[in-house]
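Peer 1: would you be able to build a 3D model of this:
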Amino acid sequence: VEFRLLVANDYRIDITSNNQTNVLNQPVFLSEGLPERTIRAPGNVKDGSNQRFVRIEYGLPTANEIFGFTIEARDAFGFDVMGEWDRNRQHKRYPRFAENDATDHEHAVEEADAWMINVSRKPYPFFLFGEAYSMDPDYSTSSYLAMQRGDTGPIDYDSSTQAVFEMVDDNDDQDRQVDWQRVGSGHAADRFVFPGWDENNDFIADYNQNNVELVRPNLKPDWEEPFLRYNV
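Peer 2: Below you'll find the predicted structure:
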């Protein structure tokens, strides 16, 4: 379903519905905390000079897909090249009036792209590296789960810990625990997140490899430990 609004001056537009709610049946704005999903006027115009029509396609999220390709070349004219391009397609459909309503509303699709390319060269004793990347503001790797209170929903849209499935985990320190709390990640997020440093320049992040919480906890990152690890 498409809405067209005539707007002017200082405005901000967020959209929700009686089916886009949380566990308390309160409306949830999926744009909350995401400025790129909010339509708003730049500045504080007061004379109506920015009057325009705004087109909004509304629907509940039904699917999220990502497809793309990766290229990699070694020693191409002395350079190593790696690049990736992905397209994100977010499917939405206007909610039905009731669960037994058979109305087939036309679905809408929002598309967003992301790409990156890096080029490196290792002419001894120097090292050259360059990278370029781009990601559209509404690119998303998250999808909603409809199995909290039954296979058909409803979905608690503000519950990131129970209602969201992540295609890409946030795990900066590359250990066994993801850095955020999601379905299947345990009772809590990773308590100790060590940034992935690489002090020995082997292109492998120096994280906490010898931490065995149940047997011998080790909360010190590897780059701060002595070379001889007596307690490994």
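Peer 1: check L6 and give its pLDDT.
Peer 2: The confidence metric pLDDT takes the value 94 at L6.
Peer 1: could you chop this protein up by domain?
Peer 2: In the assignment given by automatic domain parsing, the structural domains of the chain cover 2-168, 169-232.
Peer 1: what sits against R87?
Peer 2: Contacts here follow C-beta atoms under 8 Å, 6 or more residues apart in numbering; on that basis R87 touches 66-68, 111-113. Every residue, glycine included, has its C-beta placed from N, CA and C.
Peer 1: please repeat the previous calculation with a cut-off of 7 Å.
Peer 2: Shown here is R87, whose contacts under the criterion C-beta atoms under 7 Å, 6 or more residues apart in numbering are 67-68, 111, 113.
Peer 1: farthest pair in the residues you listed?
Peer 2: Distance extremes for the contacts of R87: the farthest pair is G68 and E111 at 12.2 Å, using C-beta to C-beta.
Peer 1: L128: how many residues sit nearby?
Peer 2: Neighbour count of L128, defined by other C-beta atoms under 10 Å: 11.
Peer 1: my guess is it contacts R121. True?
Peer 2: Yes - A contact is recorded between L128 and R121 when judged using C-beta atoms under 7 Å, the distance being 4.5 Å.
Peer 1: circling back: go through the domains of the chain and find the least confident stretch.
Peer 2: domain 169-232 (a mean of 66).
Peer 1: the longest strand along the chain - contacts with which helices or strands?
Peer 2: Using DSSP state E, we find that the single longest strand of the chain is strand 60-76. If you count contacts as 3 or more C-beta pairs under 7 Å, 6 or more residues apart in numbering; DSSP states H and E, strand 60-76 packs onto strand 79-93.
Peer 1: which parts of the strand it packs on are buried?
Peer 2: The neighbour-count check on strand 79-93 (16 or more other C-beta atoms under 10 Å) flags 81, 83, 86, 88, 90-93 as buried.
Peer 1: same deal with stretch 20-40?
Peer 2: Applying a neighbour-count criterion of 16+ other C-beta under 10 Å, one finds 20-21, 28, 30-31, 37 buried in stretch 20-40.
Peer 1: widest-spaced pair of those?
Peer 2: Applying C-beta to C-beta across the buried residues of stretch 20-40, the maximum distance is between T21 and R37, 17.5 Å.
Peer 1: which of the contacts of R87 lies closest to N218?
Peer 2: Using C-beta to C-beta, G68 is the member of the contacts of R87 that sits closest to N218, with 38.1 Å.
Peer 1: how far away is that closest one from S140?
Peer 2: Counting by C-beta to C-beta, to the nearest Å, the gap from G68 to S140 is 14 Å.
Peer 1: more neighbours: which of those two?
Peer 2: Ranked by neighbour count (other C-beta under 10 Å), G68 and S140 place S140 first, with 17 against 12.
Peer 1: how about F67: what's its closest non-neighbour residue?
Peer 2: With C-beta to C-beta, 6 or more residues apart in numbering as the criterion, F67 has its nearest non-adjacent residue at 6.0 Å, and that residue is R87.
Peer 1: hmm, back to that, and the angle for the longest strand of the chain with strand 79-93?
Peer 2: Relative orientation of strand 60-76 with respect to strand 79-93: 170 degrees, computed using axes from the mean of the first three to the mean of the last three C-alpha atoms, to 10 degrees.
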